[in-house]
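A.B. asks: Generate coordinates for the sequence data below:
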Amino acid sequence: MTATFIILLAAPLLAALACLRLPVRACQAVTITAGVVSFATAVVLVPAAAHHDLTLGRYLRADAISVVFLLATSFLYAAVSAYSVGYFAGEQYSASSGPTAPRSAGPDPTAPPKAGFARYARRFYTGLNLFAWSMLAAPLMSSLALLWIAVEVTTVISALLVAIEDTDRAVEAAWKYVLIASAGLGLALLATIFMYAAGAHVLGQSYDLTFTQLLHTGPRLPHTLVRLAYGLAVLGFGTKVGLFPVHTWLPDAHAEAPTPVSALLSGSLLAVSFYAILRYYQVSVAALGPSFPQGVLLAFGIASLLLAALSLFDQGDVKRLLAYSSMEHMGILAIGVSFGAPIALAGVLLHVLAHAAAKGNAFMGAGVLMRKYQTKNVAAIDGGLDLLPWSGPLLLVAVLALAAMPPFGIFRSEFQIVAGGLAASRNAAAAALIVVVTLAFLGLSLSANRMLVNPSSKRLPRGEPSAWMVIPVVAGVAALAMLGVHPPAHLTELLARGAAELRGLG
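C.D. replies: From the prediction side, this is the model:
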């Protein structure tokens, strides 16, 4: 497995370095190749990780939980790499273009700047590959200290990508993101220090904060320090997850980032940050038992889910609408973990995969709508099913998938989460989850109906901007159907082992 680890981390990093110098078309080919190779490599890890942990030296480690998050990130990385070819379609492929000019709010809020296009595109692809690399690296870190560093790296790279189009709004959103996320990660660093102090009581001053050491010594760790570390970790990393009340950067950053970056932010970055919380959850359960860690996640999850569901009724920007939908699903993950039942925990891990595919599809479909109508305003978009013969129906499918309609993966994952809540006698929380998710569906479907089903009021040509903006969405629908109808046997084993690890039995 040594070669697998190396390929997984080297492919996006080499692609980023190549894109610093290559022509734009070559950057696109290299990025797609790196995305597909990364996803194929993550798939290769599934059978082995379903049965035992994988390690490379002292610093890299993958178990079943790690591989679930690697699958989500690498799939979305491959999808947006292909989508980006269509995102740049029709622009000027010329290395002799002048310097990139700052963009104002022009007629097409999704098109990259024409001035200095080659320079802009190379920066974009370099950043995209580095962003994917950082999110693939985080689940492979063997210690809490290295995990914190990896999540910090994702913040720096993603903030630069949010601001890459150099509009006033994009720069403002990036600064807001940096300030809030940095404050959150400061709390997460304090959590790391408290957890180190807890481990030092048992392991001595020279240990290196590895998960395995902390899990094995969990029952002997000082309870007060572990409680402090866990609470700070949920609040600190929860800033990057988008949990209430530290979510305020999320709608602005998602709305102003280029569409491929928004898809990665929503489907992957939030999940990777939630992965960090899960590692603290494992240690806390080992040290304290499940009651306190689950109670904290339940409180944050219910508050986040409720706020997101209500916010979906009052969004005029299609990307902000999808950003609040992402916050909703992060709340569902937190609630699912709080139930603690094996079926609920397996549902949480399945939800990570299904949400990555569905939310990636939704953002990519929304990007086609915005390119077609040259606006992000929900009220100004109508007749999507009519004017976009492929992207319109595919976006509708993505919305239905996000609303947990069968036969897609989110229906299966949310069904397992609710079943786990009932099995754990968390009847009130399970009922609240069902009610608030239904409320969120109503808010999301009202906007989707306005954009897609209402007759078109504009005289626009019927057709797709680019086939490259359709192909990865079709792949996402296939993945959602597979996850909902019949996940592969090795994947089912991986999810079961991941659930056992979260319960302290792995």
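A.B. asks: what about Ala174, how many residues close to it?
C.D. replies: Under the neighbour criterion other Cβ atoms under 10 Å, Ala174 is assigned a count of 23. In this view, the C-beta of every residue, glycine as well, is placed from N, C-alpha and C.
A.B. asks: give the contact list for the spatially closest residue to it that is not a sequence neighbour.
C.D. replies: Nearest in space to Ala174, with sequence neighbours left out and distances taken as Cβ to Cβ, 6 or more residues apart in numbering, is Ala163 at 3.5 Å. For Ala163, the contact set (Cβ atoms under 8 Å, 6 or more residues apart in numbering) comprises Ala170, Val171, Ala173, Ala174, Trp175.
A.B. asks: Make a PyMOL selection of the buried ones in these.
C.D. replies: Here is the PyMOL command that selects the buried residues among those (16 or more other Cβ atoms under 10 Å):
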select buried, resi 170+171+173+174
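A.B. asks: which one among the contacts of Ala163 gets closest to Ala150?
C.D. replies: Of all those, the one with the least separation from Ala150 (Cβ to Cβ) is Ala174, at 20.1 Å.
A.B. asks: Just to check, that closest one is in contact with Val162?
C.D. replies: Yes: at 4.3 Å, Ala174 and Val162 qualify as touching, with contact defined as Cβ atoms under 8 Å.
A.B. asks: how about the strands in this structure?
C.D. replies: Secondary structure of the chain by DSSP state E: the strands cover 54-56, 60-62.
A.B. asks: So which of the ones you listed is the most surrounded?
C.D. replies: Neighbour counts (mean count of other Cβ atoms under 10 Å) averaged over each of the strands of the chain peak at strand 60-62, with a mean of 22.
A.B. asks: tell me the contacts of the closest residue to Leu322 other than its chain neighbours?
C.D. replies: With Cβ to Cβ, 6+ apart as the measure, Ala362 is the residue that lies nearest to Leu322, at 5.3 Å, once sequence neighbours are left out. By Cβ under 8 Å, 6+ apart, the contact list for Ala362 reads Leu322, Ser325, Leu395, Ala398, Val399, Leu402.
A.B. asks: cool, Leu312 as well?
C.D. replies: Contacts for Leu312 (Cβ under 8 Å, 6+ apart) come out as Leu321, Tyr324, Ser325, Glu328, Ala440, Gly443, Leu444, Ser447.
A.B. asks: Kindly report the same for Val151.
C.D. replies: Ala138, Leu185, Ala188, Phe237, Lys240, Val272, Ser273, Ala276 are the contacts of Val151 under Cβ under 8 Å, 6+ apart.
A.B. asks: that older thread, overlap of the contact sets of Ala174 and Val162?
C.D. replies: Both Ala174 and Val162 are in contact with Ala253, Glu256, where contact means Cβ under 8 Å, 6+ apart.
A.B. asks: where in the chain is pLDDT low?
C.D. replies: 1, 90-115, 506 (pLDDT under 70).
A.B. asks: and it, what are its domains?
C.D. replies: Annotated domains of the chain cover 1-139, 141-265, 290-506 [automatic domain parsing].
A.B. asks: Any chance of a markdown table for these, columns distance to Gln282?
C.D. replies: A markdown table is the format used below for those (distance: least, Cβ to Cβ, whole Å):
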| stretch | distance to Gln282 |
| --- | --- |
| domain 1-139 | 8 |
| domain 141-265 | 6 |
| domain 290-506 | 6 |
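A.B. asks: among those, which is nearest Tyr280?
C.D. replies: Closest among the domains of the chain, once you apply Cβ to Cβ, is domain 141-265, at 4.0 Å.
A.B. asks: Quick one: residues contacting Ala191.
C.D. replies: The neighbourhood of Ala191, defined by Cβ under 8 Å, 6+ apart, consists of Leu228, Ala229, Tyr230, Gly231, Leu232, Ala233, Gly236, Tyr280.
A.B. asks: Looking at the residues you listed, which is nearest Glu501?
C.D. replies: Glu501 lies nearest to Tyr280 out of the contacts of Ala191, by Cβ to Cβ, at 13.8 Å.
A.B. asks: how many neighbours does the residue nearest to Pro461 when sequence neighbours are not counted have?
C.D. replies: Excluding its sequence neighbours, the residue lying closest to Pro461 (Cβ to Cβ, 6+ apart) is Leu387, at 7.8 Å. Leu387 is flanked by 22 other residues according to other Cβ under 10 Å.
A.B. asks: The stretch 201-350 of the chain: helices as residue ranges?
C.D. replies: Along the stretch 201-350 of the chain, counting by DSSP state H, counting those that start in this stretch, helices occupy 211-216, 223-241, 249-256, 259-264, 270-288, 291-311, 318-339, 342-373.
A.B. asks: The stretch 1-150 of the chain now?
C.D. replies: Taking DSSP H, counting those that start in this stretch as the criterion, the stretch 1-150 of the chain carries its helices at 2-19, 24-49, 64-87, 117-137, 144-162.
A.B. asks: Perfect, that will be all.
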